[in-house]
Each structure stands twice: as structure tokens, then as C-alpha cells.
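Colleague: Quick one: sequence plus predicted model below, questions after.
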Amino acid sequence: MAKVVCVLYDDPVAGYPKSYARDDIPKLDRYPDGQTLPTPEKIDFRPGELLGCVSGELGLRKFLEAGGHQLVVTSDKDAPGCRLERELPDAEIVISQPFWPAYLTAERIAKAPKLKLAITAGIGSDHVDLQAAMDRGITVTEVTYCNSNSVAEHVVMMILALVRNYIPSYGWVVNKGWNIADCAARSYDLEGMQVGSVAAGRIGLGVLRRLKPFDVKLHYTDRHRLPESVERELGATFHPNVESMIGVCDVVTINCPLHPETEHMFNDKLIGKMKRGAYLVNTARGKICDRDAVARALVSGQLAGYAGDVWFPQPAPKDHPWRTMPHHGMTPHISGTSLSAQARYAAGVREILECWFGGRPIRNEYLIVDKGRLAGTGAHSYSAGNATRGSEEAAKFSR
Ligand code: NDP
């Protein structure tokens with residue numbers, strides 16, 4: 001019987017919800033590329049419930065305990081001696097969400113001799129030292145596609161919020177003002193702008209498709225080119241590398257995974273090659289951008305705005321400069337954990353666990369690392385190595 005350690009974010013400050021704003025969520029049959037939604041044999045939760053916090057337990061307790069397994073759920077994941085570290089020595093499975101990542105560094109993996117499976121309840125397994133997982137033969141999985149469109153929607157919202165100067169304008173209303181000139185002095189139309197996506201995977205393509213009706217000019221760069229028919233449908237221009245794309249773009253959205261190839265890609269040098277006054281939206285991973293370079297570019301005016309929901313590390317320390325830099329539209333890491341998305345990734349985690357315990361293969365599209373190497377989606381979208389360096393800083397949030 002397995003010990004399963006599940007690291008989730010804290011409950012709402014007002015307590016676990018007793019009721020919800022809506023009574024149901026739409027039922028989807030398939031993702032846009034035809035992939036089926038998660039297919040567990042059963043779920044023990046009502047779609048639309050808050051599942052990603054400690055009391056939500058991803059809806060797993062009944063299922064795991066019925067199978068004789070032990071489930072430990074905690075949000076205490078940072079600093080030496082935290083609950084996660086105390087539970088690791090006999091844990092077989094660790095489940096974690098990117099929003100509140102259980103950083104599985106090489107040091108922690110070394111302290112978890114029984115660890116066989118790391119499940120990301122969401123997408124993006126950069127919080128696991130993938131190299132160390134490969135070296136130790138640990139399987140790493142994520143619930144591919146579960147929240148890609150959730151993020152794509154968020155990206156469109158953030159682009160519009162920055163370009164149209166929504167957040168400061170809302171602020172004037174809340175502060176009982178009517179300062180139209182203050183609101184309008186930084187407000188533009190998106191129509192006609194050149195918008196580029198770094199990566200055109202599930203999220204990137206979703207963003208491009210959602211932006212097309214805004215009558216913008218679309219651009220993208222990726223390691224693999226989209227089919228010609230899709231480029232034609234979108235009127236999208238392919239760029240062989242990020243440098244050639246960002247120089248022509250008014251808005252750049254980052255939609256690639258964090259792995260050694262993309263870590264700190266947007267540094268002073270690259271941001272310096274962007275058009276002055278460009279907007280940068282990053283819902284992929286905080287570490288794809290150089291933290292201080294972004295803050296500097298907003299102060300100098302090289303960037304007109306920066307928005308996103310991803311930081312490094314997470315939770316972001318209280319003195320993280322992105323909390324206070326000008327012209328930002330940052331939120332905590334929330335785009336992929338809408339209640340709609342939670343229902344999908346909780347079901348996906350259940351499916352992975354059912355396969356694992358039943359000795360059945362896990363879907364190829366859910367695999368990131370398997371049998372000592374990158375596998376499935378991991379082999380397509382990631383590069384080998386480690387992107388967890390510096391994650392110990394997350395302990396500063398609660399200090
Ligand atoms: P996909 O695997 O569908 O797409 C990733 C794309 O990035 C692939 O097309 C891949 O190329 C491309 N890529 C990889 N490396 C590079 C590179 N160096 N330059 C350009 N393109 C590159 O994943 P998703 O679109 O579903 O998710 C992307 C990322 O978004 C996740 O890895 C995660 O970090 C983040 N995310 C954030 C969420 C949030 O809540 N904010 C939620 C979900 C995801 P190819 O495969 O063609 O080689």
C-alpha cells in the first residue's frame with residue numbers, strides 16, 4: 001500500500017466554501033485537438049467544487065483510503081523541516097500543483113528513497129528536478145491539456161487589461177474618482193497591433209485562435225512549425241527564433257514550458273530588442289523572465305506593461321519586485337486553477353492513480369519522464385536538466 005503526499009494551497013482565509021457563485025460548470029467532451037478529457041472510472045467530487053486547496057484534497061481521500069493507501073495533505077512545503085520534507089522519507093507518490101509547487105529538488109529526491117511517481121495536478125513539471133527524476137527512475141506525469149484553455153483565456157484578458165489600461169481605470173472608480181484623462185493617457189486599442197506568441201503549443205495556439213477576431217497581426221515562434229493550413233487560417237507569421245519575432249511585436253505572450261533552454265530567456269538583452277513600449281504577458285513560468293530585468297524595463301519605459309500569474313519562486317516573497325513595479329497586472333498563480341480547470345485536473349490525477357495502482361499504462365500524453373528519460377509530452381516539449389535552482393527562496397514568503 002502506498003503513502004501518497006499531496007501538497008495543495010491553503011484554504012480560503014474565510015474558510016472552505018459552503019456554497020458557490022454558480023450551480024454548475026459546462027461539460028466538455030473533447031479538447032480542441034481531439035484529445036479526450038480525463039477518463040477515471042469514478043470521481044468522488046462535484047465538478048465546480050474547490051478541490052485544489054487543502055480541504056478539497058483533489059477529491060482523492062475516499063478513493064485512496066478505500067484502496068488501503070495513506071493520504072497526507074499539506075500546504076507546508078518550504079523551508080528545511082517542513083511537513084513535506086518530514087513526509088518524504090517513506091512517500092511513494094507526491095502530488096503537487098504548479099500554483100503552490102512542492103519543489104522536488106535533487107536534495108529532496110535523495111531524501112525520498114521510496115518515491116516512484118510525481119504527479120503534477122495541472123501542467124508544467126518544472127518544479128521537479130527532471131534530471132534527478134530521470135537519474136532515479138521516477139515517473140513524472142502531468143494532466144496535459146487540463147487547463148491550457150483556462151490559461152489562454154487569462155492571457156487574452158491580461159493583454160486587453162494592459163493595452164486598454166483597465167486596472168488603473170478600475171482603481172479610479174474604487175477610489176471614488178472620475179479621472180478620465182488619467183485613465184485614457186495610457187489606453188490604446190489592440191486592433192491592428194502585432195501580437196506574437198513564444199510557442200504555439202496547446203496554450204499558445206489557443207491564444208492565437210482567441211486573438212484572431214480582434215483583427216490583430218499574429219506572429220509565433222516554436223521549435224516545431226504549425227501545419228501550413230493552421231498558419232493560413234490564422235494569417236500567422238512564423239519566426240525561426242524569438243529574436244526575429246519580438247522586434248516587430250507590440251505585444252508578446254510567453255507560452256512555452258520552463259526548462260533549461262528557456263530559463264531567463266527574457267533578460268535585459270532580449271527585452272532591449274523589443275519595440276519600446278511593448279507589452280509582455282507571461283503566464284508560462286516566472287523564471288522564463290529575468291525578474292530584475294522586467295522591473296527595470298517597466299521603470300525605463302522599454303516595456304509599457306507586464307502581466308502574468310507566474311512568479312519564481314512560489315509563493316513569491318513579500319519583497320518580490322513584481323509586486324511593486326509600475327504598470328504591472330500581476331495576479332497570484334491562478335489562471336490554470338479556475339474551478340472549471342480543477343474538475344479536469346482532479347479527474348486527471350485520479351485517472352493517473354487508477355492506472356498506476358491497476359498496473360495499466362498511463363496515457364502517453366500525460367508522461368513527462370518515464371523509465372529514466374523524457375517521455376510522451378515531456379520528450380516533445382521539454383529539454384533535459386533542472387530548473388528548480390533558487391526554489392528555497394519560497395520559504396521567505398512566510399517569514
Ligand atoms: P504544450 O506542451 O502544449 O506547449 C508547449 C510548447 O512550447 C510546445 O509547442 C513546445 O514546442 C514549445 N517550446 C518548448 N520549448 C520552446 C522554446 N525553447 N522556444 C519556443 N517554443 C518552445 O504545453 P501548454 O501549451 O499546455 O503549456 C505550456 C506551459 O504553460 C506549461 O509548460 C506551463 O509552464 C505553463 N502553464 C501555466 C499555467 C498557469 O496556470 N499559469 C497552467 C498550464 C500551463 P514543441 O513541442 O513544438 O517542441
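Modeller: Yep, that arrived.
Colleague: What separation do you get for the nearest residue to residue 113 once chain neighbours are set aside and the ligand?
Modeller: Sequence neighbours aside, residue 89 is the residue nearest to residue 113 in space, at 7.2 Å (criterion: C-beta to C-beta, 6 or more residues apart in numbering). Every residue, glycine included, has its C-beta placed from N, CA and C. Using C-beta to the nearest ligand atom, to the nearest Å, residue 89 is found at 29 Å from the ligand.
Colleague: and what of residue 312?
Modeller: Distance of residue 312 to the ligand, computed by C-beta to the nearest ligand atom: 11 Å.
Colleague: What is the burial count for residue 314?
Modeller: By the criterion of other C-beta atoms under 10 Å, residue 314 has 26 neighbours.
Colleague: how about low-confidence regions in the stretch 201-350 of the chain?
Modeller: Within the stretch 201-350 of the chain, no stretch falls below the threshold (pLDDT under 70).
Colleague: Which residue does it have closest to the ligand?
Modeller: Residue of the stretch 201-350 of the chain nearest the ligand, by C-beta to the nearest ligand atom: residue 201 (1.8 Å).
Colleague: That residue against residue 381, yeah?
Modeller: Yes: shown here, residue 201 and residue 381 form a contact pair, counting by C-beta atoms under 8 Å, at 6.3 Å.
Colleague: surely the residue nearest to residue 113 meets residue 111?
Modeller: Yes: between residue 89 and residue 111 there is a contact at 6.2 Å, judged by C-beta under 8 Å.
Colleague: need the contact list for the residue of the stretch 201-350 of the chain closest to the ligand.
Modeller: Each residue near residue 201 by C-beta atoms under 8 Å, 6 or more residues apart in numbering is listed here: 148, 222, 255-256, 381.
Colleague: Please apply the same query to residue 104.
Modeller: The contact partners of residue 104, taken as C-beta under 8 Å, 6+ apart, are 94, 96, 112, 118, 127-129, 132-133, 388.
Colleague: For the residue of the stretch 201-350 of the chain closest to the ligand, what are phi and psi?
Modeller: Backbone torsions of residue 201, given as degrees, to the nearest 10, read phi -80, psi -150.
Colleague: swap in residue 9?
Modeller: Per degrees, to the nearest 10, the backbone of residue 9 is at phi -80, psi 160.
Colleague: Could you tell me which residues touch both of residue 201 and residue 381?
Modeller: In contact with both residue 201 and residue 381: residue 256, using C-beta under 8 Å, 6+ apart.
Colleague: returning to what we had before: export the contacts of residue 201 to JSON lines and append columns for distance to the ligand and secondary structure.
Modeller: Converted to JSON lines, the contacts of residue 201 look like this (distance: C-beta to the nearest ligand atom, whole Å; DSSP: H, G, I helix; E, B strand; the rest coil):
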{"residue": "148", "distance to the ligand": "4", "secondary structure": "helix"}
{"residue": "222", "distance to the ligand": "4", "secondary structure": "coil"}
{"residue": "255", "distance to the ligand": "5", "secondary structure": "coil"}
{"residue": "256", "distance to the ligand": "4", "secondary structure": "coil"}
{"residue": "381", "distance to the ligand": "4", "secondary structure": "helix"}
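Colleague: most surrounded residue in those residues?
Modeller: So for these (other C-beta under 10 Å), the most neighbours sit at residue 255, 27 neighbours.
Colleague: The residue lying closest to it once chain neighbours are set aside: what's it in contact with?
Modeller: Computed as C-beta to C-beta, 6+ apart, the closest residue to residue 255 that is not its neighbour in sequence is residue 204, at 3.7 Å. Counting by C-beta under 8 Å, 6+ apart, residue 204 makes contact with 197-198, 220, 222, 253, 255-256.
Colleague: Turn those residues into TSV, columns for distance to residue 266.
Modeller: Shown next, in TSV, are these (distance: C-beta to C-beta, whole Å):
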residue	distance to residue 266
197	14
198	9
220	16
222	16
253	12
255	13
256	11
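Colleague: which parts of the stretch 251-399 of the chain sit against the ligand?
Modeller: The stretch 251-399 of the chain comes close to the ligand at residues 255-258, 261-262, 283-285, 309-310, 333, 335-336, 377, 380-381, as judged by C-beta under 6 Å from any ligand atom.
Colleague: Among those residues, name the ones in helices.
Modeller: Mapping these onto helices (DSSP state H) picks out 377, 380-381.
Colleague: Could I get the contacting residues of the residue lying closest to residue 164 once chain neighbours are set aside?
Modeller: Residue nearest to residue 164 in three dimensions, not counting chain neighbours: residue 187, with 5.3 Å by C-beta to C-beta, 6+ apart. Residue 187 makes contact with 163-165, 169 under the criterion C-beta under 8 Å, 6+ apart.
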